[in-house]
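K.L.:
pasting the sequence and the predicted model now:
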Amino acid sequence: MNEFLTVLSAVLPVFGVVLIGLTIRKLHWLSAEADQSLLRVNINLLYPCLILDTALGNPALAQWKNLLLAPVVGFGTVAVGFLLALGFRKLAGLTSPQEKGTFVLTVGLYNYGYIPLPLALLLFSGPGTVGVLFVHNVGVDIALWTLGVLLLTGGNLRRDWRKIINAPLLAILLALLLNSVGAHDRLPQVVLTILHLLGQCAIPMALILIGAVVADHLEEFHSDWGWKVIANAVLLRMVILPASFLVLAKLLPASIELKRVMILEAAMPAAVFPIVMTRHYGGDPATALRVVIGTSLVGLVTIPLWIKFGLSFVLGS
């Protein structure tokens with residue numbers, strides 16, 4: 001019961017901000033015409049600032065075992081999710097390339113920030129697990145802004161490699177470079193403060209935009225064939241992939257902090273940010289919405305169950 005309440009305390013504020021975005025769209029305070037400008041600001045400015053703010057000078061990045069293995073795990077688990085989702089896209093009854101690419105992206109990408117970060121703070125004492133979570137998310141970000149973008153644009157790496165050179169990926173590489181040479185200590189405090197202030201806007205802005213996009217496509221969620229998408233997404237994202245990730249966490253020679261991160265991520269529903277990405281990169285927001293809402297609602301029940309089982313199975317606690 002305590003674990004269930006802990007998960008709810010982390011999840012409800014996230015959906016509360018999304019609900020605010022939905023409400024202000026319905027009230028016409030946020031117009032659809034403003035979406036593209038705000039999306040560009042979020043992806044090209046706010047999100048890179050969040051990456052730099054959390055990665056620069058992070059002590060977890062100084063530990064070579066975590067520095068090397070955690071991003072590999074982050075990238076690898078997302079890539080495996082994409083690969084398995086490719087096999088489920090036909091079962092989901094999808095036809096257009098936009099729908100298929102969106103399904104693969106949204107099902108394959110677990111929620112790696114909005115929910116696991118507060119859960120890590122609530123469930124595990126000390127900064128170690130949270131620090132490793134940030135390092136792990138470097139690999140997830142690389143997978144998102146390379147493989148994920150290619151899935152939405154329908155391109156191939158040889159022909160469209162320029163599309164993966166974007167602001168978030170450059171921010172990740174810049175942070176790793178500055179940390180490796182110790183230059184982050186020489187940055188003026190005013191620069192760090194600006195990065196922090198702008199970075200703190202990234203998640204709320206993304207959640208508000210997600211709510212607005214949800215409002216635009218809410219009626220499409222109820223279409224009959226949409227339930228086939230939801231059923232396949234839930235089976236893969238909330239059953240098959242969690243079990244696979246926990247087996248990997250048990251077998252992998254990783255630190256206890258990284259194993260905790262893998263347990264948290266194994267339990268996560270689909271990430272909500274792809275709803276916004278689909279609008280920006282020409283995907284299908286309605287498909288993303290079905291996957292996110294379906295897995296998130298099921299996750300309210302399964303997240304505490306998977307975390308409890310994972311801690312026992314992987315760590316014996």
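P.N.:
Received the coordinates, thanks.
K.L.:
C-alpha from now on. contacts and neighbour counts both.
P.N.:
Will do.
K.L.:
hey, which helix or strand in this protein has the poorest pLDDT?
P.N.:
In the chain, the helix or strand scored least confidently by mean pLDDT, DSSP states H and E is helix 157-160, which has a mean of 56.
K.L.:
which of the residues in the helix or strand following that one are buried?
P.N.:
The helix or strand immediately downstream of helix 157-160 is helix 167-181, counting by DSSP states H and E. Using 16 or more other Cα atoms under 10 Å as the test for burial, helix 167-181 gives 167-169, 171-172, 174-176, 178-179.
K.L.:
which elements pack onto helix 167-181?
P.N.:
Here helix 167-181 is seen to pack against helix 47-55, helix 128-143 when contacts are counted using 3 or more Cα pairs under 8 Å, 6 or more residues apart in numbering; DSSP states H and E.
K.L.:
can you give the contact residues for that helix?
P.N.:
43-45, 47-49, 51-52, 55-57, 61, 138, 141-142, 145, 184 (Cα atoms under 8 Å, 6 or more residues apart in numbering).
K.L.:
average pLDDT for it?
P.N.:
In this model, helix 167-181 has an average pLDDT of 84.
K.L.:
run the angle between it and helix 47-55 for me.
P.N.:
Calculated by axes from the mean of the first three to the mean of the last three Cα atoms, to 10 degrees, helix 167-181 forms an angle of 30 degrees with helix 47-55.
K.L.:
so what's the gap between helix 167-181 and the chain middle?
P.N.:
Distance, stretch centre to chain centre, for helix 167-181: 19 Å (Cα atoms, centre = their mean, to the nearest Å).
K.L.:
now the helix or strand following that helix and helix 47-55, what's the angle there?
P.N.:
Next helix or strand after helix 167-181 toward the C-terminus (DSSP H and E): helix 189-217. For helix 189-217 against helix 47-55, the angle by the same axes, to 10 degrees is 130 degrees.
K.L.:
residues of helix 189-217 that come out buried?
P.N.:
Per 16+ other Cα under 10 Å, helix 189-217 contains these buried residues: 195-196, 198-200, 202-216.
K.L.:
likewise for stretch 10-20?
P.N.:
Neighbour-count burial for stretch 10-20, counted by 16+ other Cα under 10 Å, picks out 10-11, 14-15, 17-20.
K.L.:
of these, closest to Pro116?
P.N.:
Set against Pro116, the nearest of the buried residues of stretch 10-20 by Cα to Cα is Ala10 (8.3 Å).
K.L.:
state the distance from that closest one to Pro269.
P.N.:
With distances taken as Cα to Cα, to the nearest Å, Ala10 is found 13 Å from Pro269.
K.L.:
before we move on, what about Trp306?
P.N.:
Distance from Trp306 to Pro269, by Cα to Cα: 11 Å.
K.L.:
next: Leu45.
P.N.:
As for Leu45, its distance to Pro269 is 26 Å (criterion: Cα to Cα).
K.L.:
more crowded one of these two?
P.N.:
Pro269 (32 against 18; other Cα atoms under 10 Å).
K.L.:
the more buried one: what's it in contact with?
P.N.:
110-111, 237-238, 292, 295-296, 299.
K.L.:
quick check: phi and psi at it.
P.N.:
phi -80, psi -180 (degrees, to the nearest 10).
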